[in-house]
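Asker: Got a sequence here, can you build the structure:
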Amino acid sequence: MLRYDPLVRTRFKLVVTPLATSLVLLGPPWLLPPMALLLLWATARCPKGTAALWQLRYIAPVQGTVIALLYLLKFGPGGLTAAALVWSRMMLMLLPGLWFFLSTQSHQVVRALRGILSSHQALILSTTLSLLPRLTREATELYQLQLWRGHPLAPSQFWRPKAWQALTKLVLLPLLIRVIRLSQQQATALQARGYRPDATLTHFPMEAPNDQTPPGRRHTSRCPGAADGGP
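Answerer: Purely as a prediction, here's the structure:
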């Protein structure tokens, strides 16, 4: 059933993703290794999953350094074990969402949320969530660019206030500008595809074994990010 029905499969993912995130954050420490193996395996099997996992190598050292310094300052060397556990949980909590977005198309999310939310609420939520992987890539590119330019953004430099000032000025503020610009582009795409709050939304059809609709007559989507390639 999950294999052939995209609607049921997407709703299953919507339940499993927050559940897996909660287990990573709140579960016992012994649960983390099997969860890590399962999530890494599932994410690596997704399209571009290996590349997405490889990009986490830029986030992990920075996050680990910051957490280790905070625990070291507050608890001394004895707090490094707790810091490692917190760092592991924070890194693993990224994987369920990454797996979901890499393996699920935006029009499938909209269809799965209908019945739970209104069509317009489902569209807005799906569009917002679909931006998260792109924002992650944008943040990674900004960080790498400023690091290559010689700014003090290496993980070993985050104990200095100057590094945090550079991170805010050279990475976070440009990222905020890109978020605003991307939101404007999404609004323009919706308007270009005929979106109106009082109109009935259309969507890309869910593919099913009994779908005999000729390809040329299938209804295309007005939602940005759908897999129809055009309005």
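Asker: Identify the residue spatially nearest to R178, adjacent ones excluded.
Answerer: Using C-beta to C-beta, 6 or more residues apart in numbering and skipping residues adjacent in sequence, the residue nearest R178 is E138, 5.4 Å away. C-beta: built from backbone N, CA, C; applies to glycine.
Asker: any idea how far that neighbour lies from Q146?
Answerer: From E138 across to Q146, the span is 13 Å (C-beta to C-beta, to the nearest Å).
Asker: so how far is stretch 99-109 off the chain centroid?
Answerer: 10 Å (C-alpha atoms, centre = their mean, to the nearest Å).
Asker: Could I get the buried residue list for it?
Answerer: In terms of neighbour count (16 or more other C-beta atoms under 10 Å), stretch 99-109 has its buried residues at W99, F100, F101, L102, S103, T104, Q105, S106, H107, Q108, V109.
Asker: could you say which helix or strand contains the third one?
Answerer: Following DSSP states H and E, the helix or strand that holds F101 is helix 94-103.
Asker: hmm, who's touching that helix?
Answerer: With C-beta atoms under 8 Å, 6 or more residues apart in numbering as the contact definition, helix 94-103 has outside contacts at 13-14, 16-18, 20-21, 24, 36, 39-40, 42-43, 46-49, 52-53, 56, 59, 129-130, 132-133.
Asker: Sitting in strands, which of the residues you listed do you find?
Answerer: Using DSSP state E, no member of these sits in strands.
Asker: from the residues you listed, which would you call buried?
Answerer: 13-14, 17, 20-21, 24, 39-40, 42-43, 46, 49, 52-53, 56, 59, 130, 133.
Asker: Touching stretch 71-79 from outside, list them.
Answerer: Contacts of stretch 71-79 (C-beta under 8 Å, 6+ apart): L80, A82, A83, V86.
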